[in-house]
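*Asks:* Starting from these lines, generate the structure:
(4 chains, ligands or ions: 6)
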Amino acid sequence: MTTRPATLTRKDFASDQDVRWCPGCGNNAILAQVQKTLPELGIPRENIVMISGIGCSSRFPYYMDTYGIHTIHGRAPTVAMGLKCARPELQVWVVTGDGDALAIGGNHFSHALRRNVDINMLLFNNRIYGLTKGQYSPTTPPGIRTLSSPDGSIENPVNPIGVAIGSEASFIARTVDVFQKHMAAVLRRAAEHRGASLVEIAQNCIIFNDGAWAHLTDPDSRLENVLYLEHGKPMRFGRQGEKGIRLNGLVPEVVEVAAAGEENLLVHDEQAAEPTLAYLLSRMGPPDYPTPVGVFRAIDKPVYSRLLMEQVQGAQARAEPDLDALYRQGETWDVT
Amino acid sequence: MTTRPATLTRKDFASDQDVRWCPGCGNNAILAQVQKTLPELGIPRENIVMISGIGCSSRFPYYMDTYGIHTIHGRAPTVAMGLKCARPELQVWVVTGDGDALAIGGNHFSHALRRNVDINMLLFNNRIYGLTKGQYSPTTPPGIRTLSSPDGSIENPVNPIGVAIGSEASFIARTVDVFQKHMAAVLRRAAEHRGASLVEIAQNCIIFNDGAWAHLTDPDSRLENVLYLEHGKPMRFGRQGEKGIRLNGLVPEVVEVAAAGEENLLVHDEQAAEPTLAYLLSRMGPPDYPTPVGVFRAIDKPVYSRLLMEQVQGAQARAEPDLDALYRQGETWDVT
Amino acid sequence: MIRCDSRHISQQWFYTTGPVPVTGRARVIESLQQATILFCGDSGDGMQLTGNQLTATSAVYGNDVSTLPDYPSEIRAPAGSLAGVSAFQLHFASHEIHTPGDHPDVLVAMNPASLKVYLPRLQPGGVLIVDRDAFATRGLARAGYDSNPLDDPAIASRYRLHAVPLLTLTQQALEGLDLKRSAKARCKNFFALGLVYWLYDRPLQQSLDWIGQKFARSPDVAEANRLALQAGFHYGETSEAFDVQWQVAPAPASPGTWRTINGNEAVALGLLTAARLADKPLVYSSYPITPASEVLHHLARWKHLDARTIQAEDEIAAMGATIGAAYGGAFAATGTSGPGLCLKSEAINLAIMLELPLVILNVQRGGPSTGLPTKTEQGDLLQAMYGRNGESPLPVLAPAGPADCFYVAIEAFRIAVRHMTPVLVLGEGLLANSSEPWRIPALRELEPIDVRHPDDPVGFQPYSREAGTLARPWVVPGTPGMEHRLGGLEKQPGTGAVSYAPEDHAQMCALRRDKVARVADFIPDLEVTGPAEAPLLVLSWGGTRGAALTAIECLQQQGRDVAHAHLRYLNPFPRNLGDVLKRYGTVMIPELNHGQLAMLIRATYLVEVVSFSRVGGRPFSIAEIGARAGELLA
Amino acid sequence: MIRCDSRHISQQWFYTTGPVPVTGRARVIESLQQATILFCGDSGDGMQLTGNQLTATSAVYGNDVSTLPDYPSEIRAPAGSLAGVSAFQLHFASHEIHTPGDHPDVLVAMNPASLKVYLPRLQPGGVLIVDRDAFATRGLARAGYDSNPLDDPAIASRYRLHAVPLLTLTQQALEGLDLKRSAKARCKNFFALGLVYWLYDRPLQQSLDWIGQKFARSPDVAEANRLALQAGFHYGETSEAFDVQWQVAPAPASPGTWRTINGNEAVALGLLTAARLADKPLVYSSYPITPASEVLHHLARWKHLDARTIQAEDEIAAMGATIGAAYGGAFAATGTSGPGLCLKSEAINLAIMLELPLVILNVQRGGPSTGLPTKTEQGDLLQAMYGRNGESPLPVLAPAGPADCFYVAIEAFRIAVRHMTPVLVLGEGLLANSSEPWRIPALRELEPIDVRHPDDPVGFQPYSREAGTLARPWVVPGTPGMEHRLGGLEKQPGTGAVSYAPEDHAQMCALRRDKVARVADFIPDLEVTGPAEAPLLVLSWGGTRGAALTAIECLQQQGRDVAHAHLRYLNPFPRNLGDVLKRYGTVMIPELNHGQLAMLIRATYLVEVVSFSRVGGRPFSIAEIGARAGELLA
Ligand SMILES: Cc1ncc(C[n+]2csc(CCOP(=O)(O)OP(=O)(O)O)c2C)c(N)n1
Ligand SMILES: Cc1ncc(C[n+]2csc(CCOP(=O)(O)OP(=O)(O)O)c2C)c(N)n1
Ligand code: SF4
Ligand code: SF4
Ligand SMILES: [Mg+2]
Ligand SMILES: [Mg+2]
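*Replies:* Residues are numbered from 1 along each chain as shown, chains lettered A, B, ... in the order given. Ligands and ions are numbered 1, 2, ... in the order given. As a prediction, this is how the structure comes out:
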């Protein structure tokens, strides 16, 4: 046994591998935040496991001095599910990209959320395939020219949050690679949530899709374009929070708070009985709306990995764990 | 060339294979409706292709005297996509089940809808794996005991319509195996829609999940439990349509029409700019709400298979289709 | 030890006799050494249940038994249709047997369709019992008969035909009871069973008790079935039609408690037992597929023994979950069949790179593609060996019989943990569904599986090697100070750090190869039944063992100079295999494929091999293997 | 014809001479028959571009050329790091050559990291040009040098070291221009190129023109690069340091128009050409994966030739779409690499059952699992043959060089359509990325592919057979009166109706096997280079051809009695292969795996094979194959 510091610091979570992302890649900022936030969760480092698929984003585990597996393309959630069922006490993180989670891995992504396996998924969305040098992904806007769409992409993108809602997710949030404090807060919420948590992280790929999220990060326009969701609070944004969101039937509209009156603004509710509000928010974004960030939804829901263990324990309470007896069930006869 | 009847009849669509579903299986009723409806579409039989995966439902193509492929488990939408890109003029149907489309095939199902490939998908939802003799499926309610969940299923189901909305589908409808006229109308709408159409068909598996849809089919309670969606009409149901749906914020509520006034009822809009209404409707069902059937959503949206051909034609308009020239692009030199 | 009696003599490959003569003499009691009975009828006729009853009775009576159910592949084909026929074949004997038998001596056909499908199987001179009542025009038409086969003199002369009005007799027997006619009709299978019980002079008690338990909740139905069973027995006794009764004495069996078991239940029990032998939970993750689904169904019922089952969204997910569970330190296994193995292949390769211990069960069925889901085959051997990108070796085992599935499952985990490698078990539809008696072991009789999870961080390297086994350390998350990352990229030996260096790749590939080769140091030598040198060796693997062994033992008893050996370990091969092969003039390999093991043997040992291969979705018969071997000896 | 000159003599396996002596005599012009140059530097240094320029110039000048780029696997590793090194090797000659060369004669290293990685490759006595300016402490540290290697006397004595201040000289040369220093610095690769041009006495014009076009939009950058290029050339001339200049004369080449092409572009052009030869659209459906992605990128740009590309959501979808497109009557192909082939395997089996014509391209990379994505290997041969459940044969072809990829792609479609079967093409990372000259064919020179879509419903059966090829009819949807259903379940021959009958399954399995075997009736016999009988035959496949052929031709010129043959068709084998093998004492098979072809040959022909196998992510060198063959001959 090596003796380890009582309280961990960011350094304890940095592995000895040198980080091999492009200089200026948003992944670097995300790594820094995760390394900064994990020690604050007070979970022993050896009980944390990082599982990723394949992609630039999926190299993440190599840089974290925790347990981890760099698996294969799109399958990280399945490995995480198996691990969690074997070792429910571990804190299991999945790190994935927009291609890894939504192209080849779409099915596992969706089923992990549906089952509400107790894992935390970080989806680095740079709206491109980075590692394979720049093809469009399921989140790439139509018309974008890439190596595989020289005349512009003809594919209609999905929205990770919409997919998560369709998959009945119990915790859904969004943050941005460069929103340091915000990301830290969201990560903490995700870690604390019981069940599957999805955090979409808008991440900039400076090489193949630079500026995909400029409207959220550009210092000048940022406040105009970002809607910070806060549970129980009316939805306001703008430099001085002078703008707000009001509901007209099922259609959200941007209003001047002064004119509309704060009391008439839409109030955020992470725990709404139905995901309809979260869904409505997931549709908001440029050009007509600000882009919501923060926790869209966080509800309590039966957790697969817990239910499984409850059934095991329940069965053990009902019946002796007697394998010899199991062998003998049904017709038997004795030869002497 | 054989001479064929000018106008086709149901018989023309029945293959010579005897139908091998359990007597009383809902699939039989669906087959009858499809065979009855297709001739009315006025499409030459030879231009219709039925593509299925694996499952009881997926045996469908064998019984239709059209072109068809009984493919492999969960992959039918991919085969349909390839066929449609090779032969845009064909009418391509996909027949699938809740396991085929939402378990192993979930990713392809979702991507076909996202791309809006011009195919018509019929999802026979019996909320069970029939062909493999009765395991729970992604649409099986929690707690149900099956061969693979003897202590009750611990999985949290998805709703095919919710998944389709998360996948940005352009046409979404629901009908029931025994609703003959209704199914015919919905099938016709699906066939006419440009782009991917999804029709969820509530189907009864009398062997492994009998009565899963009894609340929709039971003659006594049916009118109480079914909400027939009609574009532009207020949402009414009940024996004499005495009940209606009213919106309270984002929450639908069941009201007495007389008391509430028809003008205050939620009016159905298949073409709403945003899918929020369709999503809200997809959440309705027992115990608190009637179950909506009919067309949830039908919008115009760029169609993948058309865009692809447009890019091809566009390129051909711009450049000579000269392969010899293509060989010679870049540096060349002559040896004499 | 097996004996070649009339049943075998009647196989034409012995060139000796023709069919058993159709005698007409007064009733006698003949004693036989074995018998094969086939019940067939519509899916609704309860043939599986009937067969299982005769099996249980015969087993409890002390015979050796071997059974093979034959389900329709459609869930429920139209009543009376050929596709809807369901059958159950049972072979029981007064000596050790290894197969469900070739051709039945007695065929019980409950309707025309089943007669049409199975009559060709009945051996000439065999007893044919049919329900005459079912041979009305409608039934005949459904089966595609244009005339009633019961009126066909050819049939009457070729077999001992008994056209019994089973339905009528059953209704009569149940006259007194106040039950729906349809309910009474459903008892006719018990009438038929009773008749067969009489034919083979079997006690009714076991079935009477079973009926009592089974229908405890509806006593009148229980009563009806009891009466039907007894009536059938009585009918045999009284009816003049039956002139002979047979007795098959108990077989010598090693002392202990016995039960019958099929391969799917045996493998499920084996996996669970392996976990228990290491004090581990079993995590079994699978996506349903015929014929492997049953393994999931069994384990799902055994949660009280910490069997944690996951029904994954597909085979890829099932494999991924198995990897995750193994990384976590559980005993992790997954099960599937051919098409599912295709889907798992990429993730199996990840397991090979991660060097994690886990078991992959592939219950082979007819291929390629969806193929013949409910039929048996041995077509996935080369896929098991090579169906992954790059050099990706793993150990491959194949059970030799239904009960052996139990021991192979344990052995697979033993190897997986000892060498830190995924292990692939090649089952077969045949073994999965057929049953044989199993001497129930006591858990304490079984050798524990010792598992080490190092927890000393000093000098820890995730890819260091244990000398003998070349295993790397199985360090599990939660171990302080030993945090490490695994991945599918190539590694530096020792540290496991990602490396693209040519020498590292070469060394890691060699290590993975040698590690699997090392398994051979721990497995038994190949044993030969028969002469150590001979003109012919018949080498079998998997489910062909029964037919091959029986056929060769018969030949040996006829004084032919031939030997048999069986491969349970397909990768690596037993160390002595090469030497064994050299000692025989010809090596014949019977397999249900186009010669896959033959190909491996030729490539590995450069020996000429006679591949006796067959793909028909059916197991080999003793007769055809015997016949082919006979030719080679001639 | 190849010649073994100083370059080869210097390979120690000729046991003749040691390194070329480091001379100090006055500048002379030597004429060589070939040269190998390696440019290496940081990913940012533009080494690929530099290498391509020298390639184009040399090709246009008339040399035979062969190149091999070596990218870092990280997208953009930290500047100056070992992981960030990018290199480009070029081999040009006055005669026909088949490989990018073993050890470079000239190594240009733009920074310490690249020197560290590639110096070991430079052959003793070779010319070493480095940018001295880059060898400051920071750069040295990043590369893990604790002292400056340029001060290491060992290096200076072992190689002809030229530590040139490339950066400074470039900045000076561009003094006059008003450009950012950084922009000027970026021109230093052209300075280095100019110096190499001088070394080999190459004309600048081709590159000057290219610069003009490339930087048309920023004339000042164009000017800067032009000046740097010329300055570099001038530096060679004026600097006393360089005492010798080399000339490599043009190689004889068949008349026509030529270009250089790499395997990925060649295969893309081949697929498109095949479709055109049948007047069909090409539907190419793929999921990006290194090193196959480029094929998708090329075809996506060729829509004007009716190349319809689909970027699928995964490899399974790509394979499914390919099946759908083939059913529709298009020429359908998909491309992937190892892990993707695993995922496609289930759907490939469906294509085998449906008997649809399509092409699957698998560009092999280092395995197993994710392995070494950017490195070359031949590890997927057995997967291609057997990586599917059940008996699932399909034809397998492997291109022998970059340009051959074009012809193999066409041949694959020809076979697919002729026999109605999926065909698998086994490419390699090596061929995908390396280029060689290609004599551009004229479309009309190429034999059309004749396709029939029957449209006469009379007597139509979907699974009827054409006598010679055993193909079934390719009837496409839209054909009136011929509606039919296909599926993955086993079929009745002829009608194609679902059937589980044993004899139908046996017959269909045999048909699928025989159909693939029939391909051998249509392919050329195996040709041998060298004696028809000899003690040794070296048998190569895929990308090993170049090194094997060169090595054996050299041995032959030394009068050794050895022959070479190359397999382009891996399933089925050419009819005469068995006879050919018999004529040689020993058969040696070099392959980049653990002996996969060797195992097929042993199993098929029962001949002893010396497997010379290697897995290091690197191609074979001429030297190592020559050396091994030499041992076997000794
Ligand atoms: C089975 C398989 N198919 C394809 C690939 C190639 N591949 C690696 S990463 C990747 C996409 C990565 O995109 P994303 O998940 O968005 O990650 P990013 O690099 O953008 O962070 C692909 C197609 C692979 N490694 N494995
Ligand atoms: C790759 C693969 N995995 C598993 C199976 C086994 N299988 C066949 S159908 C099926 C599920 C069918 O469920 P559903 O799609 O709901 O069809 P249903 O029978 O209920 O109509 C499964 C698991 C298979 N055929 N192929
Ligand atoms: S390619 Fe893009 S995503 Fe990948 S490391 Fe570079 S910047 Fe980041
Ligand atoms: S099992 Fe269920 S779904 Fe399948 S055919 Fe029978 S009733 Fe229909
Ligand atoms: Mg991405
Ligand atoms: Mg279903």
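
*Asks:* what's the average pLDDT for stretch C:123-140?
*Replies:* Mean pLDDT, stretch C:123-140: 94.

*Asks:* near chain B, which residues of the stretch 251-400 of chain C show up?
*Replies:* For the stretch 251-400 of chain C, the residues in contact with chain B (C-beta under 8 Å from any C-beta of the partner chain) are C:287-290, C:293, C:296-297, C:300-301, C:303, C:309, C:311, C:313-315, C:339, C:369-370. For the C-beta atoms, the positions are set from N, CA and C on the backbone; glycine is no exception.

*Asks:* cool, chain C as well?
*Replies:* Counting by C-beta under 8 Å from any C-beta, the residues of chain C that sit close to chain B are C:74-79, C:81, C:83, C:287-290, C:293, C:296-297, C:300-301, C:303, C:309, C:311, C:313-315, C:339, C:369-370.

*Asks:* Inside helices: which ones of these?
*Replies:* When DSSP state H defines the helices, the subset of the residues of chain C next to chain B inside them is C:293, C:296-297, C:300, C:315, C:339.

*Asks:* These: which two are farthest apart?
*Replies:* C:300 and C:339 (22.1 Å; C-beta to C-beta).

*Asks:* With neighbour numbers in mind, choose between the two.
*Replies:* residue C:339 (28 against 24; other C-beta atoms under 10 Å in any protein chain shown).

*Asks:* give me every residue that touches that one.
*Replies:* B:72-73, C:289, C:367, C:369-370, D:346, D:349, D:389 (C-beta atoms under 8 Å, 6 or more residues apart in numbering or on different chains).

*Asks:* Nearest to ligand 4 among those residues?
*Replies:* Nearest to ligand 4 out of the contacts of residue C:339 is residue B:73 (C-beta to the nearest ligand atom; 14.8 Å).

*Asks:* Helix, strand, or coil at the closest one?
*Replies:* Secondary structure, DSSP: H, G, I helix; E, B strand; the rest coil: residue B:73 is coil.

*Asks:* Ok, residue C:472 next?
*Replies:* Applying three-state DSSP: residue C:472 is coil.

*Asks:* and it, what is it in contact with?
*Replies:* For residue C:472, the contact set (C-beta under 8 Å, 6+ apart) comprises C:355, C:420, C:462-466.

*Asks:* Farthest pair within those?
*Replies:* Farthest apart among those by C-beta to C-beta are C:462 and C:466. That separation is 13.0 Å.

*Asks:* between these two, what contacts are shared?
*Replies:* Contact criterion C-beta under 8 Å, 6+ apart; residues shared by residue C:462 and residue C:466: C:472-473.

*Asks:* higher neighbour count, those two?
*Replies:* More crowded of residue C:462 and residue C:466, by other C-beta under 10 Å: residue C:462, with 19 against 15.

*Asks:* Report the separation between the more buried one and residue C:474.
*Replies:* 10 Å (C-beta to C-beta, to the nearest Å).

*Asks:* Ok, residue C:314 next?
*Replies:* Between residue C:314 and residue C:474 the computed distance is 27 Å (C-beta to C-beta).

*Asks:* Please say which of those two ends up with more neighbours.
*Replies:* Each of residue C:314 and residue C:474 has its neighbours counted (other C-beta under 10 Å); residue C:314 has more, 25 against 18.

*Asks:* Kindly export stretch C:145-153 (C-alpha atoms) in CSV.
*Replies:* Extracted C-alpha coordinates of stretch C:145-153, given in CSV (Å, rounded to 0.1, in the frame of the first residue of the first chain):
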residue,chain,number,x,y,z
TYR,C,145,-52.5,-36.7,-48.3
ASP,C,146,-55.0,-37.3,-51.1
SER,C,147,-55.8,-40.8,-49.8
ASN,C,148,-55.8,-42.2,-46.2
PRO,C,149,-52.3,-43.7,-45.6
LEU,C,150,-53.8,-46.0,-43.0
ASP,C,151,-55.6,-47.8,-45.9
ASP,C,152,-52.2,-48.1,-47.7
PRO,C,153,-51.3,-51.9,-47.7
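
*Asks:* Show me the contact partners of that stretch.
*Replies:* Under C-beta under 8 Å, 6+ apart, the answer for stretch C:145-153 is C:112, C:115-116, C:119, C:130, C:132, C:135, C:140, C:155, C:161, C:163.

*Asks:* cool, stretch A:299-307 as well?
*Replies:* Against stretch A:299-307 from outside (C-beta under 8 Å, 6+ apart): A:81, A:84-85, A:88, A:115-118, A:170-171, A:194-195, A:270-271, B:142, B:154-156.

*Asks:* what's the first-to-last distance across that stretch?
*Replies:* Length of stretch A:299-307, first residue to last, C-alpha to C-alpha, to the nearest Å: 17 Å.
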